[in-house]
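Chemist: let me see the structure of the following:
(one chain, ligands or ions: 2)
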Amino acid sequence: MSIASQATDRVIIFDTTLRDGEQSPGATLNAEEKLAIAHQLALLGVDVIEAGFAVSSPGDFQAVKTIAEQVGKADGPIICSLARATRKDIQAAAEALQPAAHPRIHTMISTSDIHLQYQLKKSRSEVLAIAQEMVAYAKSFVDDVEFSPMDASRTDPEFLYQVLETAIASGATTINIPDTVGYCTPKEIGILIQGIRENVPHIDSVILSIHTQNDLGLATANALAAIEHGVRQVECTINGIGERAGNAALEEIVMALQVRKHYFNPYFGRSVNSDVPLTNIKTQEIYKTSSLVSQLTGMLIQPNKAIVGANAFAHESGIHQDGIIKHRQTYEIMEAASIGLPENRIVLGKHSGRNAFRTRLKELGFELSEADLNKAFNRFKEVADKKKEISDWDIEALVRDETQNQVESGFQLEHVQVICGDCTCPTATITVVTPDGKILTDASVGTGPVDAVYQAINHLVQIPNQLIEFSVQSVTGGIDALGTVTIRLAYQDRIFSGQASDTDIVVAAAYAHLNALNRLYRYLQTQKIPAQVSE
Ligand SMILES: CC(=O)SCCNC(=O)CCNC(=O)[C@H](O)C(C)(C)COP(=O)(O)OP(=O)(O)OC[C@H]1O[C@@H](n2cnc3c(N)ncnc32)[C@H](O)[C@@H]1OP(=O)(O)O
Ligand SMILES: CC(C)C(=O)C(=O)O
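Modeler: Numbers count the residues shown, from 1 in each chain. Ligands and ions are numbered 1, 2, ... in the order given. You can find the predicted model right below:
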């Protein structure tokens, strides 16, 4: 049974990722890649896959044919090919779709005066005659024929009604209304659809469809407005890819209908509180499908993209994180799991608060006292000011650092400043606070910036020691990674180690050195050997 002959109390999802989506500059797919996406679209549960434009190239013809064979099974989706309103295009589409259990030919011709005058160079009556002839021709191959009046939203409504009436009389089973250049506002789309429903004879005997482009960023809003006015098929693409600024994004349409179903239910004659989904889409497959399309087309997804962007379920600011930890719905209207993501993300960064920090520490197995937590949190904020995102490894390093520094109280590092470069003698200026509260400053030169720091600290602290090991490790990847410096100092026959982390490894080296010196200092105290602090 053709989908058009079924009464629909839901929205038919017509996916055109493999046709309009592939028209995104740079997004070209080969037949194998198209097949992989088509299989995933079938798993996602789309009703119609527009697999390509069969006449456009031998490769696209083959892709449509292979998808028709391998995905267009009896229990699978409708497989569709686009065709201009020409015999050659329609023949190619029919031939490529031949193996599909449910084939659809989608034929189109422009109807706006600007297209007729400048592109087709045809009169309205010629276009009317072509539409009539070509829909009938497509119908001679398949039952399921979709007709699109290209640039419908800029077409004289009276002429549009005439063309649509003709297409329906010639056998079209789906009438698709394209806002080809993404020109309309949602209100105008509503008026357009309402006008068609009121003025085109037999429009209720076909599926009315909408195809929106995103030139003004209104594709999703326009598609939803059309649904409110009785449209029952939406043409859309994964991640919203498509010609120019793209098409309505499938994931946005589907999740809007899912999350706001109580709002949309009355437009489908349902009771407001019905929880029956308004599409057949298995929403848990959305994320996987989105990633596959992004990977194969090379079209990266902007981080703030609705539903599938990396930040769509990520919370960075303390107030939001606090709310999410207390009750997820305070700042989330849908669950990450509903699109197939394992969980939402609390991102620790400069806007995060104590609750999120404490919660992450607990997850990492650290139970800190309130005082220790505050200290670690202050360090965290300092690092967050320099680093975009704080990873779990960074946090572990910070907490370890704080814990060690508490144990080894003694000299406190107040200030580190280093000048270095290829034409400069590396010079470090260091300020420390002694255990009895004196503030001391000194400057030293060295063979490199770290050596200069060590010389200056040694001069201030006056504890004899020998640096026997120095290593630096990047805690995480990236240019803003935390570096952990580990050192070992020898004093007579004893070894004292120190470790510290910072986004600046010279600063980390200074803290690590002081950390080891404090251990040595405490040892000297227990041995009653006085340290000679410089004056
Ligand atoms: C809004 C949309 O997304 S529509 C789909 C757009 N997608 C594509 O164009 C991708 C695939 N296209 C192609 O591979 C090629 O353009 C082809 C194979 C379709 C045609 O290639 P060519 O024969 O070299 O024609 P070309 O692309 O230069 O020009 C398009 C021709 O189609 C005509 N045309 C455009 N739309 C239609 C239509 N709906 N019905 C009939 N003819 C049409 C144009 O008037 C023009 O004809 P002309 O050469 O007689 O002036
Ligand atoms: C072929 C039609 C539906 C189209 O892509 C458009 O008009 O934008």
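Chemist: wasn't Asn176 part of a helix?
Modeler: No: counting by DSSP: H, G, I helix; E, B strand; the rest coil, Asn176 is not part of a helix but strand.
Chemist: excluding chain neighbours, give the residue nearest to it in space.
Modeler: Ser209 (3.9 Å; CB to CB, 6 or more residues apart in numbering). C-beta here means a position set from N, CA and C on the backbone, and glycine is covered the same way.
Chemist: quick one: that neighbour is in a strand?
Modeler: Yes: under three-state DSSP, Ser209 falls within a strand.
Chemist: that one and Val11, how far apart?
Modeler: 10 Å (CB to CB, to the nearest Å).
Chemist: ok, Pro464 next?
Modeler: Taking CB to CB, one finds Pro464 at 79 Å from Val11.
Chemist: neighbour count: those two, which is higher?
Modeler: Taking neighbours as other CB atoms under 10 Å, Pro464 and Val11 compare with Val11 leading, 27 against 14.
Chemist: contact partners for that one?
Modeler: Ile227, Val231, Arg232, Gln233, Val234, Ile253, Leu257, Leu278, Thr279 (CB atoms under 8 Å, 6 or more residues apart in numbering).
Chemist: same thing with Val383?
Modeler: So Val383 contacts Ile390, Asp394, Leu398, Leu482, Asp502, Thr503 (CB under 8 Å, 6+ apart).
Chemist: where do the strands sit along the stretch 301-450 of the chain?
Modeler: 314-315, 345-346, 412-419, 427-433, 439-445 (DSSP state E, counting those that start in this stretch).
Chemist: hmm, which of the contacts of Val383 is lowest in pLDDT?
Modeler: Lowest model confidence among the contacts of Val383 falls on Leu482, which carries 76.
Chemist: tally of neighbours for that residue?
Modeler: Going by other CB under 10 Å, the residues that sit close to Leu482 add up to 26.
Chemist: what does Glu370 give?
Modeler: Neighbours of Glu370 (other CB under 10 Å): 9.
Chemist: Ile333 now?
Modeler: 8.
Chemist: tell me, what's touching Ser209 and Val11 both at once?
Modeler: In contact with both Ser209 and Val11: Val231, Arg232, Gln233, Val234, using CB under 8 Å, 6+ apart.
Chemist: list of residues touching the strand or helix carrying Leu467?
Modeler: Using DSSP states H and E, Leu467 sits in strand 466-474. Identification of contacts with strand 466-474 by CB under 8 Å, 6+ apart yields 450, 454, 481-491, 495, 505, 508-509, 513.
Chemist: got the contact list for the host helix or strand of Gln40?
Modeler: Gln40 is part of helix 31-44, with elements assigned from DSSP H and E. Identification of contacts with helix 31-44 by CB under 8 Å, 6+ apart yields 15, 17-18, 22, 29, 49, 51-52, 59, 62-63, 66-67, 70-71, 76-77, 238, 281-282, 285-286, 288-289, 292-293, 296.
Chemist: hmm, back to that, let me have the contacts of Val11 in TSV, extended by pLDDT.
Modeler: Shown next, in TSV, are the contacts of Val11 (pLDDT from 0 to 100):
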residue	pLDDT
Ile227	98
Val231	98
Arg232	98
Gln233	98
Val234	98
Ile253	98
Leu257	98
Leu278	98
Thr279	98
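Chemist: mind putting those in JSON lines, neighbour count, distance to Gly365 and secondary structure included?
Modeler: Formatted as JSON lines, these follow (neighbours: other CB atoms under 10 Å; distance: CB to CB, whole Å; DSSP: H, G, I helix; E, B strand; the rest coil):
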{"residue": "Ile227", "neighbour count": "24", "distance to Gly365": "49", "secondary structure": "helix"}
{"residue": "Val231", "neighbour count": "26", "distance to Gly365": "53", "secondary structure": "coil"}
{"residue": "Arg232", "neighbour count": "22", "distance to Gly365": "53", "secondary structure": "coil"}
{"residue": "Gln233", "neighbour count": "26", "distance to Gly365": "52", "secondary structure": "strand"}
{"residue": "Val234", "neighbour count": "28", "distance to Gly365": "48", "secondary structure": "strand"}
{"residue": "Ile253", "neighbour count": "27", "distance to Gly365": "43", "secondary structure": "helix"}
{"residue": "Leu257", "neighbour count": "24", "distance to Gly365": "42", "secondary structure": "helix"}
{"residue": "Leu278", "neighbour count": "22", "distance to Gly365": "44", "secondary structure": "coil"}
{"residue": "Thr279", "neighbour count": "21", "distance to Gly365": "43", "secondary structure": "coil"}
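Chemist: the residue nearest to Asn176: neighbour count?
Modeler: Using other CB under 10 Å, Ser209 has 26 neighbouring residues.
Chemist: and for Arg488?
Modeler: 16.
Chemist: and the one 3 residues further on, by the same measure?
Modeler: Using other CB under 10 Å, Tyr491 is surrounded by 18 other residues.
Chemist: residues from the stretch 151-300 of the chain in reach of ligand 2?
Modeler: Asn176, Pro178, Thr180, His211, Gln213 (CB under 6 Å from any ligand atom).
Chemist: if we go to 8 Å?
Modeler: 151-152, 176, 178-181, 211, 213, 235, 242-243, 247 (CB under 8 Å from any ligand atom).
Chemist: taking those together, which two end up most distant?
Modeler: Longest distance between any two of those is 16.7 Å, between Ala152 and Gly242; criterion CB to CB.
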